[in-house]
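Trainee: sequence first, then the predicted structure, then my questions.
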Amino acid sequence: MSSEFLNFSVQFALILLSAAFLLTVFKVIMGPTLPDRILALDMLVAAAIGFIAVIGLKTGYTLYVDIAIALGLVGFLATVAFARFILARGQTEEGRERQRNEDNQKHGKSAAVQGVSEAKAAGEVTTPKKKSAAKKTTAQRTTKTNKARSRKAPAKPETKS
Amino acid sequence: MIDGLSDIIAGVMIITGSIFAFLAAVGLWRLPDIYTRMHAASKAGTLGSGLLLLALAAHVGDTSTFTRALAGVVFFLLTAPISAHLLAKASYAVGYRLTDISVIDELKD
C-alpha cells in the first residue's frame, strides 16, 4: 500500500515538475528583460535537479546525483557571470532616464519644465525676437547641462530591456 | 514496517517539493517585477529541489547516496541566496525599476 502511495507521488511529482519546467522554459523565451531570463535559467537548473532526484528515486539509478551537484555548481557560476555581464553592459534606457531626472531635480528643475524651456530655446533660435534676459539665461543653462551630461555619459550602444 | 514508513515519508516530501517547484514557476509568471520574481525563484525553487533531494536521501538506504544528496542540498542552499543577491544588486545598479505598487525602496539614494 505504501509503495502504491510512493508510485502515485512519483507520478504526481513528475507531472508537476514537467509543468514547472515548461513554464520556466517559456519564461526564458518570452521574458521581457535580461534579468528575467537569467532568473528563469537559474530556476531551470533547480527544476532539473529536482527531476534528477525524482528519477533517481523512481528507478534506483542514483548515479545522476553527482551530476546534480555539478549542475548546481555550473548554474551558480553561470548566474554570477551573467550578473557581472549585466553590470558590464551598462545602464538601461530606464535607468538613464531616471538619472537624468535626478540630475534635473538637483538643479532645481523637473523634466517637464526643462522640456518647455528647451522648446522655448528652439523657438528663440528660429525666430529671433526680443526676449527677456532671464529666459535666455535659463536656456543657456539647460544647454550647458545637456553638454555636460553628454560628456559624462560616453556613447554606449543603446540597450533596450 | 520501516520500509513502508520511509516510503510514506519520501512520498510526502516528493509531493510537497514538486508543489513548491511548480509554485515557483507560476510565481515567475505572475509576479510583477524582477525583484519579486526573485523571491519565487530563489526561495520556493530552492526549497522544492532541496525537498526532492532530501526525499531521495530518505528513501535510499545507501550511505554514499545519502551523503551525496545531503551535500547537494547544502550546496544548493548556500549558493542560491548568493546568486539571487548578486543578480538583484546588478539589475538595481543598472536601473531596472521596481514595480509601481512596491511600497519601499531602501536602496534609493
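Mentor: Received the coordinates, thanks. Residues are numbered from 1 along each chain as shown, chains lettered A, B, ... in the order given.

Trainee: helices of chain B, start to end?
Mentor: Along chain B, counting by DSSP state H, helices occupy B:2-30, B:34-39, B:45-59, B:63-94.

Trainee: export these to a markdown table and tack on mean pLDDT, mean neighbour count and distance to A:Val10?
Mentor: Quick note: C-beta positions are derived from backbone N, CA and C, even for glycine. Converted to a markdown table, the helices of chain B look like this (pLDDT from 0 to 100; neighbours: other CB atoms under 10 Å in any protein chain shown; distance: least, CB to CB, whole Å):
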| stretch | mean pLDDT | mean neighbour count | distance to A:Val10 |
| --- | --- | --- | --- |
| helix B:2-30 | 90 | 20 | 6 |
| helix B:34-39 | 91 | 20 | 28 |
| helix B:45-59 | 92 | 27 | 10 |
| helix B:63-94 | 92 | 18 | 16 |
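
Trainee: export those helices to CSV and tack on distance to A:Thr24?
Mentor: As requested, the helices of chain B are arranged in CSV below (distance: least, CB to CB, whole Å):
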stretch, distance to A:Thr24
helix B:2-30, 5
helix B:34-39, 11
helix B:45-59, 9
helix B:63-94, 15
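
Trainee: can you redo the ones you listed as a markdown table with distance to chain A?
Mentor: Listed next are these as a markdown table, based on distance: least, CB to the nearest CB, whole Å:
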| stretch | distance to chain A |
| --- | --- |
| helix B:2-30 | 4 |
| helix B:34-39 | 5 |
| helix B:45-59 | 4 |
| helix B:63-94 | 4 |
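
Trainee: closest residue of chain B to chain A?
Mentor: B:Gly95 (1.6 Å; CB to the nearest CB).

Trainee: count the residues that sit near that residue.
Mentor: B:Gly95 has 16 neighbours, counted by other CB atoms under 10 Å in any protein chain shown.

Trainee: if I read this right, it contacts A:Leu87, doesn't it?
Mentor: No. B:Gly95 lies out of contact with A:Leu87 (CB atoms under 8 Å); the separation is 11.2 Å.

Trainee: so what's B:Leu98 up against?
Mentor: Contact analysis of B:Leu98 by CB atoms under 8 Å, 6 or more residues apart in numbering or on different chains lists B:Asp33, B:Tyr35, B:Asp105.

Trainee: one more: B:Val94?
Mentor: By CB under 8 Å, 6+ apart, the residues touching B:Val94 are A:Ile86, A:Leu87, A:Arg89, A:Gly90, A:Gln91, A:Thr92, A:Gly95.

Trainee: excluding its backbone neighbours, what's nearest B:Ile34?
Mentor: A:Pro35 (4.7 Å; CB to CB, 6 or more residues apart in numbering or on different chains).

Trainee: the one you found contacts B:Leu86, correct?
Mentor: No. Using CB under 8 Å, A:Pro35 is not in contact with B:Leu86; the gap is 10.9 Å.
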